[in-house]
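Visitor: Got a predicted model here, sequence first, then my questions.
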Amino acid sequence: MKQQLPVVLFAVAIFFLLWFTTPFPPTSSGVARMSSPPRSFILWLHGLGDSGPANEPLKTVFASPEFRSTTWSFPSAPSNPVTCNYGAVMPSWFDIHEIPVTATSPNDESSVLQAVKKVHSMIDKEIAGGISPNNVFVCGFSQGGALTLASVLLYPKTLGGGAVFSGWVPLNSSFLEEVSADAKRTPILWSHGMADPTVLFEAGQAGPPLLSGAGVSCEFKAYPGLGHSINNEELKSLESWIRSRLQSTS
C-alpha cells in the first residue's frame, strides 16, 4: 500500500490540473455581459368611455426582443361629465363638445391642459426612475390619441415618439407657438381609418400639415375601410416604428 501512494497522489494532481485548465461553456455572468435591450416606457391612453386594463392585451403584439425591458402603463381616465354625451359621467380625459369630431370642432382647451399635466407627471416619474426620455413613447386612441399629441408637443424634452390613432388636434393652432425646440424633435406617427364615423378622417388629415408647418416630423398613414377602431396592421406598424427608434443607454 505504501508503494502505491505516490501513484495515487500523481493521479489526483492530474485530475485537478485538468479541472482548472479545461474550458467550460459560458456562465450566466458571461451572458450578462452581452448587450441587452435598452429600458423603455410605453404609455397607452385609451379612448372616451374606455379603461386602461381593457387595452392591456394589445401589448402582446410587441413580441420582439427589443421590448423585453419595456415598462408598460395603461392608466384609466377619471370619470367626468361629457358634453357631447348630454353631460353623462364616464371615463374621459377631457371634455368633448361634439360627436362626430370634425376638422373644425370646438376644443375645450382648459380641460385638455389639465389632462396634459397628468400625463407629464407619469412621464416625469419614469424618467426620474432612470429611463431615457428618448425611450419614452406615448400612444393613444381617439380621445387618448388627441391627448397624446398635446402631451408630447407640450413636454419640455425630446421624447422617443408619440403615436396618434384616430385622433385629432385638441388645441387651437396657436398652441404650436408654445412648443419648444426640443419638443419639435419628437417624431409623431399618425394613423387614421378613412371610414371613421366618430372622429372623421378629415379631422385626422388636418393635423399633419399643421404639425409639419411648425417643424414637427409627422408620418401619416391612412387605412381604407377602417372605422373607429385599431387593427392589427396598425399595431404591427407601431411596433416596428418604436423598435427602430429605441436607443441604447449603455
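Guide: Arrived safely.
Visitor: which SS state does the residue lying closest to residue 167 once chain neighbours are set aside fall under?
Guide: Once flanking residues are discounted, residue 167 sits nearest to residue 145: 2.6 Å by C-beta to C-beta, 6 or more residues apart in numbering. For the C-beta atoms, the positions are set from N, CA and C on the backbone; glycine is no exception. Using DSSP: H, G, I helix; E, B strand; the rest coil, the structure places residue 145 in helix.
Visitor: Enumerate every residue touching residue 145.
Guide: Residues near residue 145 by C-beta atoms under 8 Å, 6 or more residues apart in numbering: 45, 47, 139, 163, 164, 165, 166, 167, 168.
Visitor: Farthest pair within those residues?
Guide: Greatest spacing in the contacts of residue 145, by C-beta to C-beta: 139 and 168 (15.3 Å).
Visitor: what bits of the chain have low per-residue confidence?
Guide: Residue ranges of the chain with pLDDT under 70: 1-35, 249-250.
Visitor: Show me what whichever helix in it runs longest is packed against.
Guide: If you go by DSSP state H, the chain has its longest helix at helix 109-128. Counting by 3 or more C-beta pairs under 8 Å, 6 or more residues apart in numbering; DSSP states H and E, the packing neighbours recorded for helix 109-128 are strand 40-45, strand 70-73, strand 136-141, helix 143-153.
Visitor: looking at the ones you listed, which is closest to residue 127?
Guide: So among the helices and strands packed on helix 109-128, strand 136-141 is nearest, using C-beta to C-beta, at 6.8 Å.
Visitor: Direction included, what does that closest one pair up with?
Guide: Strand 136-141 sits in its sheet next to strand 40-45 (parallel), strand 161-165 (parallel), going by DSSP bridges.
Visitor: What lies in contact with it?
Guide: Strand 136-141 has contacts (C-beta under 8 Å, 6+ apart) with 40-47, 50, 55, 119, 123, 126-127, 145-148, 151-152, 159-167, 230, 238, 242, 245.
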